[in-house]
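**Student:** Please find the sequence and the predicted model below.
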Amino acid sequence: MMTSIHARGPSTAAEWFAARRGPTDAELERRFARWLAENPRNVDEYALCNLTWELSADAAAALAPEPASQPRWIRRAAVAAAALAACTVAAVALVWVNSPAPLRVTTLPGEQRILALEDGSQVTLNTRSALEVRLGRRERSIRMLDGEAFFIVAKDASRPFVVETPLGRARAVGTRFNVFLADQRVEVSTEEGRVLVQPGDRRGAAVMATPGTRATLERGGATPTLAAADLSRIDNWRAHRLEFDRVPLADALAEISRYTALPIRAGSAAIGRTQVSAVLRTGDVDALRATLKGAFGFELVQTQDGWIVAAPSGG
């Protein structure tokens, strides 16, 4: 006897995508968050379905709502089937062949995208990010323009995988690593394999970032510095999650603002120094408001150019 998605609950990326296209509730979102946290691959597969939904007109037509008279579980089962087909299409739709012209990809605030390269490598772009891709016969080249990306590199000793930034470059053959480009620095954190990191002018010494280490290049610095990598932060953003453990509220708000269209700031220096611990979903302003109110009594006030965390009225 066939078991419906409604009866057993979503278990695959396609089924979760289908379920969340319809009406959702707090319990469904909690189960979805747990499913994402179970395996980083779940995050990648779900993002692939989401991106295909945007790119494929055929998939969008297939996912159109059915008549209201039809039982909900039947409608969701049909949506899941179409979403599964959409995910299959994505594996092809996101692959491109070698081209002399680079491919430029960007993400909006709160948006993430997954790119499947023709060599078998995969790139996940975080919020507010931009890069260009050129796959040549001798080198696979990524030009990081802004933001953050996680790379899963297919092994090919004849074609090194190179990520160029304004401050330096990272070179790998087959590995998993993260590149975060900020205004004055670039951080290369290695999860698996080895990544050679060298300054942009190539006059300074290069360093090898091994698993669990982070190489940081500061603007004007000659040599990258090595330190322990915060791999949990990288796992969190790939799971659309932010986690803070006794950090100043001002720092937490700066990280949260990467995922929101408008910035969120502390209303005073004293409020900004407040130590906070929290786990939030990226872009969830309502959850942030409830956390600030419940833990500290702070108000989250919207203005024309952003959000302000303020002391309670009359306090």
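**Tutor:** That came through, no problem.
**Student:** Pull out the buried positions in stretch 275-295.
**Tutor:** With burial defined by 16 or more other Cβ atoms under 10 Å, the residues of stretch 275-295 counted as buried are 276, 278, 280-285, 288-289, 291-292. Placement of C-beta: from N, CA and C, glycine included.
**Student:** swap that for stretch 212-220, sorry
**Tutor:** Buried residues in stretch 212-220, defined by neighbour count with 16+ other Cβ under 10 Å: 213-217.
**Student:** What about those residues, which are in strands?
**Tutor:** When DSSP state E is applied, the buried residues of stretch 212-220 are split such that 213-217 fall in strands.
**Student:** of all these, which comes closest to Arg194?
**Tutor:** Arg194 has its nearest neighbour among those in Thr213, at 9.6 Å by Cβ to Cβ.
**Student:** tell me the contacts of the closest one?
**Tutor:** Shown in contact with Thr213 (Cβ atoms under 8 Å, 6 or more residues apart in numbering): 189-190, 226-229.
**Student:** PyMOL command to pick out the buried ones of those residues?
**Tutor:** Filtering these down to the buried ones (16+ other Cβ under 10 Å) takes a single PyMOL command:
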select buried, resi 189+190+229
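**Student:** Tell me the gap between stretch 167-175 and the middle of its chain.
**Tutor:** In terms of Cα atoms, centre = their mean, to the nearest Å, the centre of stretch 167-175 is found 20 Å from the chain centre.
**Student:** so how far is the first residue of that stretch from its last?
**Tutor:** End-to-end span of stretch 167-175 (Cα to Cα, to the nearest Å): 21 Å.
**Student:** Could you report the distance from the residue nearest the centre of the chain to Leu226?
**Tutor:** Nearest to the centroid of the C-alpha atoms of the chain, with distances taken as Cα atoms, centre = their mean, sits Asn126, at 3.6 Å. The gap separating Asn126 from Leu226 is 23 Å, by Cβ to Cβ, to the nearest Å.
**Student:** Ok, Ala278 next?
**Tutor:** Taking Cβ to Cβ, one finds Ala278 at 30 Å from Leu226.
**Student:** again, but for Ser277
**Tutor:** Using Cβ to Cβ, one gets 28 Å for the distance from Ser277 to Leu226.
**Student:** same question, Leu288
**Tutor:** 34 Å.
**Student:** Isn't Ala310 up against Ile271?
**Tutor:** Yes - between Ala310 and Ile271 there is a contact at 7.3 Å, judged by Cβ atoms under 8 Å.
**Student:** With neighbour numbers in mind, choose between those two.
**Tutor:** More crowded of Ala310 and Ile271, by other Cβ atoms under 10 Å: Ile271, with 20 against 16.
**Student:** tell me the contacts of that one?
**Tutor:** Taking Cβ under 8 Å, 6+ apart as the criterion, Ile271 is in contact with 249, 298, 309-311.
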